[in-house]
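Student: Task: produce atomic coordinates for the following.
(chains A and B)
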Number of protein chains: 2
Amino acid sequence: MHIHASVAALLAVLATATPTSAQQPAEPPTPGSIIAAAPAEDWRAIDPADLLVMDLAPDAAGQPRRVVIQLLPAPFSQGWVENIRTLAAARWWDGTGVYRVVDNWVAQWGAGEDEAGKSKPLPPGITPVPETAYVTSVLRGPEDGRDHVLTGRGANGGREEIVVSRWLDPYAIGAHVAGWPVALDSQGDGTAWPVHCYGAVGVARDLSPDTGSGAELYAVIGHAPRQLDRNIAVVGRVIEGIEHLSVLPRGTGEAGVYRTPAEHTPIRSVRMGDALPAGEPLRFEYLATDSDSFDRYLAIKANRQDSFYKVPAGGVDLCNAPVPVRRVQS
Amino acid sequence: MHIHASVAALLAVLATATPTSAQQPAEPPTPGSIIAAAPAEDWRAIDPADLLVMDLAPDAAGQPRRVVIQLLPAPFSQGWVENIRTLAAARWWDGTGVYRVVDNWVAQWGAGEDEAGKSKPLPPGITPVPETAYVTSVLRGPEDGRDHVLTGRGANGGREEIVVSRWLDPYAIGAHVAGWPVALDSQGDGTAWPVHCYGAVGVARDLSPDTGSGAELYAVIGHAPRQLDRNIAVVGRVIEGIEHLSVLPRGTGEAGVYRTPAEHTPIRSVRMGDALPAGEPLRFEYLATDSDSFDRYLAIKANRQDSFYKVPAGGVDLCNAPVPVRRVQS
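Tutor: Here you go, the predicted structure:
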């Protein structure tokens, strides 16, 4: 079949490792085989309380459409994340819709404006967030000179080490912390910020100094628009169901907004992952970005050696190596 | 309205420039305003004979779905491009379909294999292409020390200058030639190759040393998979209608192949742009990549200064600055 053999490996990310017979020469590792072989201790549980679960109306064939979004941990973007928790608790998004989709750009949802130019009133407790919150300060460890951020969770008293990537980033210094890709200021001002990769979820806003409330959100459905980094708040990433957004018809109105409300995809409900009805398990894990497995995964993404490849790339940009996330079967 | 003001500018690529009143302070340039202001001599016509026009079956609402692909000029990938011309002349793709779609990866079309594992026979004149054709040699100009390739068209006797980008590329040396993004070998072996950006069209293949005939093609519908550069032939790019591919349902079979032929999107016809019925104009232009306008466009893509932006990115990767292409109204 004329397909990319490489894709099978990429899609095998969530599959079980296949034991190799001792008689067969071993195929060089692939990103998928490294992920499959990662030991249990390299996987970290994602707290359902950090998941935003968006159920769209069923599709034309009656199939359910659930989009699962993981929110960023402290200290990144927490002002917006708290607003999002408030909006979910108030069930503010229920009955709103996806009102804007632009090819190779974003799918955006919330209430938008009605024909009179009014937006849906926000619930009590929504707090404006300053532009200074687009970046977060990095702590430099006194003992080892490494960069850390205080997440309040994880090992080392919530002092999470930032692992700087060996691979070149065209925008900043690429790094990972607590399962997320982040960028570090290359001028050395001691800040880090989350980045706009495929599937990233951000907070739509009006012109600066407005930073958006968190009520209008978008997911990236194209090549990473890294120019938005530090200019719009990234608050999370889609970890399951991005295809329910990326296949939606592109809007034909101004800036890709649908021309009519009838074109919107209705949102039935948005709840936090710990507020679902009992019996709906929502267990996910990510591959620890400070693990040897992740380091090997990046190295192989940068230099594929398996039989499909003739020339290794010699590099991998921050958004071309998504942090592996897997659903855990109960 | 809670939208990205920036998007309006990006979408304004094809719009007419709006005169600014002398009384109003001028807004800093945007990629869209630079494109709109580019003089006529900075635009180059795309020969309809270099366009591959794929008409999918109309969508569920009866709307036509046309995908227009520009093929790469000599000397890049010409073995496959010649095969593609032969296939189009033979109307080989008519009646085949889009049989594989993978989120953040590719949409792929052609005949695939039937249930007996057989592929549709190819027409006479299809020639295997060696792997050496993934890259092309660069000529170093004796006078000025600059890099050129011989395209056989354009100014300077078809000796087209490669303009090296000022902006960092994480995989190679980023450059443009004759309206296309290309990469140069950073080890200085004197080769250049076309790159896998969003919308790039490539030749699906089996394992090396097979390089594919050109009968099975794919378009990139996600973040640029640059690891495929020099490993699969890039033969062109979608310049209109990519959304007809990017919105297709994702396949749920192995490697994203649809499980049943009923899920395929039928291809009604694929013809070269100079073989359409009379009266179907197909006039496009691209912004010359050796023009001052394009240089300014790249500079502003790398450092947005308009009012939506607070912090300029300080860089732009090769695939985050698509070469502007516009349809010319007859």
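
Student: List the contacts of the closest residue to A:Glu285 other than its chain neighbours.
Tutor: Leaving aside its sequence neighbours, A:Glu285 sits nearest to A:Trp43 (CB to CB, 6 or more residues apart in numbering or on different chains; 4.2 Å). Any C-beta I mention is one placed from the backbone N, CA and C, and that applies to glycine too. Contacts for A:Trp43 (CB atoms under 8 Å, 6 or more residues apart in numbering or on different chains) come out as A:285-288, A:326.

Student: now A:Asn156
Tutor: A:His148.

Student: at 10 Å instead, please
Tutor: Contacts for A:Asn156 (CB atoms under 10 Å, 6 or more residues apart in numbering or on different chains) come out as A:141, A:148.

Student: separation between it and chain B?
Tutor: Distance of A:Asn156 to chain B, computed by CB to the nearest CB, to the nearest Å: 30 Å.

Student: which residues in the stretch 51-200 of chain A form helices?
Tutor: Counting by DSSP state H, counting those that start in this stretch, one finds helices in the stretch 51-200 of chain A at the ranges A:78-89.

Student: what does it have sitting close to chain B?
Tutor: Applying CB under 10 Å from any CB of the partner chain, we find that the stretch 51-200 of chain A lies next to chain B at A:59-61, A:99-106, A:108, A:110-113, A:117, A:119, A:131, A:134-135, A:165, A:167-172, A:174, A:185-187, A:193, A:197-199.

Student: Widest-spaced pair of the contacts of A:Trp43?
Tutor: Distance extremes for the contacts of A:Trp43: the farthest pair is A:Ala288 and A:Arg326 at 12.5 Å, using CB to CB.

Student: so what's A:Asp50 up against?
Tutor: Residues counted as contacts of A:Asp50 (CB under 10 Å, 6+ apart) are A:69-73, A:81, A:85, A:153, A:236, A:272-274, A:284.

Student: in chain A, which residue is closest to the centre?
Tutor: By CA atoms, centre = their mean, chain A has its centre lying nearest to A:Arg237, at 2.0 Å.

Student: That one in helix, strand or coil?
Tutor: The assignment at A:Arg237 comes out as strand when based on DSSP: H, G, I helix; E, B strand; the rest coil.

Student: Any idea what it is bridged to?
Tutor: A:Gln70, A:Ala200 (DSSP bridges).

Student: That one touches A:Tyr198, doesn't it?
Tutor: Yes - with contacts counted by CB atoms under 10 Å, A:Arg237 reaches A:Tyr198, the gap being 9.0 Å.

Student: Common neighbours of the two, please.
Tutor: In contact with both A:Arg237 and A:Tyr198: A:219-220, A:322, using CB under 10 Å, 6+ apart.

Student: In CSV: the residues you listed, plus distance to chain B, secondary structure and pLDDT.
Tutor: Output for the shared contacts of A:Arg237 and A:Tyr198, formatted as CSV (distance: CB to the nearest CB, whole Å; DSSP: H, G, I helix; E, B strand; the rest coil; pLDDT from 0 to 100):
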residue, distance to chain B, secondary structure, pLDDT
A:Ala219, 12, strand, 98
A:Val220, 9, strand, 98
A:Pro322, 8, coil, 98
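
Student: if we take those residues, which one ends up nearest to B:Ile300?
Tutor: For the shared contacts of A:Arg237 and A:Tyr198, the residue nearest B:Ile300 by CB to CB is A:Val220; the value is 21.0 Å.

Student: residues near the residue nearest to the closest one when sequence neighbours are not counted, how many?
Tutor: Using CB to CB, 6+ apart and skipping residues adjacent in sequence, the residue nearest A:Val220 is A:Ala200, 4.7 Å away. The local packing of A:Ala200 (other CB atoms under 10 Å in any protein chain shown) involves 27 other residues.

Student: The helix or strand A:Ile267 falls within and chain B in contact?
Tutor: In the assignment (DSSP states H and E), A:Ile267 maps to strand A:265-272. No - shown here: strand A:265-272 not in contact with chain B (CB under 10 Å from any CB), separated by at least 12.3 Å.

Student: same check, this time on stretch A:244-255
Tutor: Yes - counting by CB under 10 Å from any CB, chain B has neighbours in stretch A:244-255: A:244-250, A:254-255.

Student: Span of that stretch from start to end?
Tutor: Chord length of stretch A:244-255, first to last residue, is 21 Å (CA to CA, to the nearest Å).

Student: quick one: that stretch to chain centroid distance?
Tutor: 20 Å (CA atoms, centre = their mean, to the nearest Å).

Student: Please apply the same query to stretch A:103-120.
Tutor: Using CA atoms, centre = their mean, the offset of stretch A:103-120 from its chain centre is 21 Å.

Student: List the buried residues for it?
Tutor: If you call a residue buried by 16 or more other CB atoms under 10 Å in any protein chain shown, then stretch A:103-120 has these buried ones: A:103-112.

Student: what would these look like in CSV with pLDDT?
Tutor: Listed next are the buried residues of stretch A:103-120 as CSV, based on pLDDT from 0 to 100:
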residue, pLDDT
A:Asp103, 98
A:Asn104, 98
A:Trp105, 98
A:Val106, 98
A:Ala107, 98
A:Gln108, 98
A:Trp109, 98
A:Gly110, 97
A:Ala111, 93
A:Gly112, 79
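
Student: Contacts only, for A:Val234.
Tutor: A:Val234 makes contacts with A:72, A:76-77, A:80, A:134, A:180-182, A:193-197, A:200-203, A:220, A:228, as judged by CB under 10 Å, 6+ apart.

Student: If we use 7 Å, what do you get?
Tutor: A:72, A:77, A:194-196, A:200, A:202 (CB atoms under 7 Å, 6 or more residues apart in numbering or on different chains).

Student: Return the set of residues that bridge with A:Met272.
Tutor: Applying DSSP bridges, one finds that A:Met272 bridges with A:Leu52.

Student: quick one: it and A:Ala90 touch, right?
Tutor: No - contact criterion CB atoms under 7 Å: A:Met272 and A:Ala90 do not qualify, at 11.5 Å.

Student: Between the two, tell me which one has more neighbours.
Tutor: Higher neighbour count among A:Met272 and A:Ala90: A:Met272, with 18 against 14, using other CB under 10 Å.

Student: pLDDT at the more buried one, what is it?
Tutor: On the pLDDT scale, A:Met272 is placed at 97.

Student: how near is it to chain B?
Tutor: Distance from A:Met272 to chain B, by CB to the nearest CB: 22 Å.

Student: List the contacts of that residue.
Tutor: A:49, A:51-52, A:85, A:88.

Student: Mind checking which of the residues you listed are buried?
Tutor: Buried residues within those, counting neighbours by 16+ other CB under 10 Å: A:51-52, A:85, A:88.

Student: which of these sit farthest apart?
Tutor: Farthest-apart pair in the buried ones among the contacts of A:Met272 is A:Leu51 and A:Arg85; separation 11.2 Å (CB to CB).

Student: Tell me which residue of the stretch 151-300 of chain A lies closest to chain B.
Tutor: Of all residues in the stretch 151-300 of chain A, the one sitting closest to chain B is A:Glu216 (3.7 Å; CB to the nearest CB).

Student: so that residue sits right up against A:Gly110, yeah?
Tutor: Yes - using CB under 7 Å, A:Glu216 is in contact with A:Gly110, at 3.8 Å.

Student: Now tabulate the contacts of A:Trp43 in JSON lines and tack on secondary structure, neighbour count and distance to B:Asp295.
Tutor: Shown next, in JSON lines, are these (DSSP: H, G, I helix; E, B strand; the rest coil; neighbours: other CB atoms under 10 Å in any protein chain shown; distance: CB to CB, whole Å):
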{"residue": "A:Glu285", "secondary structure": "strand", "neighbour count": "17", "distance to B:Asp295": "46"}
{"residue": "A:Tyr286", "secondary structure": "strand", "neighbour count": "20", "distance to B:Asp295": "41"}
{"residue": "A:Leu287", "secondary structure": "strand", "neighbour count": "20", "distance to B:Asp295": "41"}
{"residue": "A:Ala288", "secondary structure": "coil", "neighbour count": "21", "distance to B:Asp295": "43"}
{"residue": "A:Arg326", "secondary structure": "strand", "neighbour count": "19", "distance to B:Asp295": "45"}
